[in-house]
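Colleague: Here is the input, now give the coordinates:
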Amino acid sequence: MSDDHHHDEDGHHHHLRESETYYAARTKALESLFREKGLIGTDTVDRVINFFEHDMGPFNGAKVVAKAWTDPAFKERLLADANKGIAELGLKDGIEGENLRVVENSEDVHNIVCCTLCSCWPWPLLGLPPYWFKDPVFRARVVREPRAVLSDFGVTLPEDKSIAVWDSSAQVRYFVIPQRPADTDGWSEEKLAALVSTEAMQGLALVSA
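Modeller: This is a model prediction of the structure:
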């Protein structure tokens, strides 16, 4: 696969901003319609948002990453059986979290997760999928030119580092353990978890201290 690529970065970012505005407007319109039809109560949306803010979200995935960084034995179990691994931390795989597979970034390999068909996403660990993950342009480009997409996200990798692109599906969903940043020896799991972003757990960002 050739990494040569010429890309209008400003145009691509403008497209993503338009997509975000479109989905936000569409969501607001659907919420108003459901309320008008009496399909949801006035507090339904607040309860759903509260659930994703406190029970299901990227903070769960960050806990998993921090534990894997500080406990090699746990990381081995996690890589061997991801669902059993997260259960050790009291986390539930739940809907959209079954058949989870964990891959680890290293000095030699960088992993990226996408879903070329729709937007299969490990909700229990990462919460709601971001708009870019569902964007048709992203889904098409990340497989063909992953280095260019990484560049759009501000990530530049050494030319000799290979890139593995994993395609999530209804059968299996992927989750990335990013590389632990330097100079974090002795940090608590809580402090390490605060460094980890959703993008890093899908391979679209690096973690730094």
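Colleague: Can you read off the pLDDT for residue 172?
Modeller: We note a pLDDT of 91 for residue 172 in this prediction.
Colleague: now for the helix or strand containing residue 148, which elements pack on it?
Modeller: Per DSSP states H and E: residue 148 is located in helix 146-152. With contacts taken as 3 or more C-beta pairs under 8 Å, 6 or more residues apart in numbering; DSSP states H and E, helix 146-152 sits against helix 9-36, strand 109-114, helix 136-144, strand 162-167. Quick note: C-beta positions are derived from backbone N, CA and C, even for glycine.
Colleague: which stretch in the ones you listed is the model least sure about?
Modeller: helix 9-36 (a mean of 62).
Colleague: distance of residue 159 from residue 147?
Modeller: Residue 159 sits 9 Å away from residue 147, taking C-beta to C-beta, to the nearest Å as the criterion.
Colleague: Give me the more crowded residue out of these two.
Modeller: Higher neighbour count among residue 159 and residue 147: residue 147, with 20 against 7, using other C-beta atoms under 10 Å.
Colleague: thought the more buried one was touching residue 157?
Modeller: Yes - using C-beta atoms under 8 Å, residue 147 is in contact with residue 157, at 6.9 Å.
Colleague: Next, show the common contact partners of those two.
Modeller: residue 163 (C-beta atoms under 8 Å, 6 or more residues apart in numbering).
Colleague: now the residue nearest to residue 184 when sequence neighbours are not counted: how far from residue 191?
Modeller: Computed as C-beta to C-beta, 6 or more residues apart in numbering, the closest residue to residue 184 that is not its neighbour in sequence is residue 209, at 5.3 Å. Separation of residue 209 from residue 191 (C-beta to C-beta): 9 Å.
Colleague: Check residue 205 too.
Modeller: In terms of C-beta to C-beta, residue 205 sits 18 Å off from residue 191.
Colleague: Who has more neighbours out of the two?
Modeller: For residue 205 versus residue 191, neighbours defined as other C-beta under 10 Å are more numerous around residue 205 (18 against 12).
Colleague: Helix, strand, or coil at the more buried one?
Modeller: coil (DSSP: H, G, I helix; E, B strand; the rest coil).
Colleague: give the contact list for the closest residue to it other than its chain neighbours.
Modeller: What sits nearest to residue 205 in space, not counting adjacent residues and going by C-beta to C-beta, 6+ apart, is residue 199, at 3.7 Å. Applying C-beta under 8 Å, 6+ apart to residue 199 gives the contacts 130, 153, 205.
Colleague: Just the pLDDT for residue 199.
Modeller: 96.
Colleague: I'd like to know how far the residue nearest to residue 183 when sequence neighbours are not counted sits from residue 192.
Modeller: What sits nearest to residue 183 in space, not counting adjacent residues and going by C-beta to C-beta, 6+ apart, is residue 209, at 5.6 Å. Applying C-beta to C-beta, the value for residue 209 to residue 192 is 9 Å.
Colleague: Which one of the two is surrounded by more residues?
Modeller: residue 192 (22 against 11).
Colleague: quick one: what helix or strand has the more buried one in it?
Modeller: Applying DSSP H and E, one finds residue 192 within helix 189-193.
Colleague: how far out from the middle of the chain is stretch 131-149?
Modeller: 13 Å (C-alpha atoms, centre = their mean, to the nearest Å).
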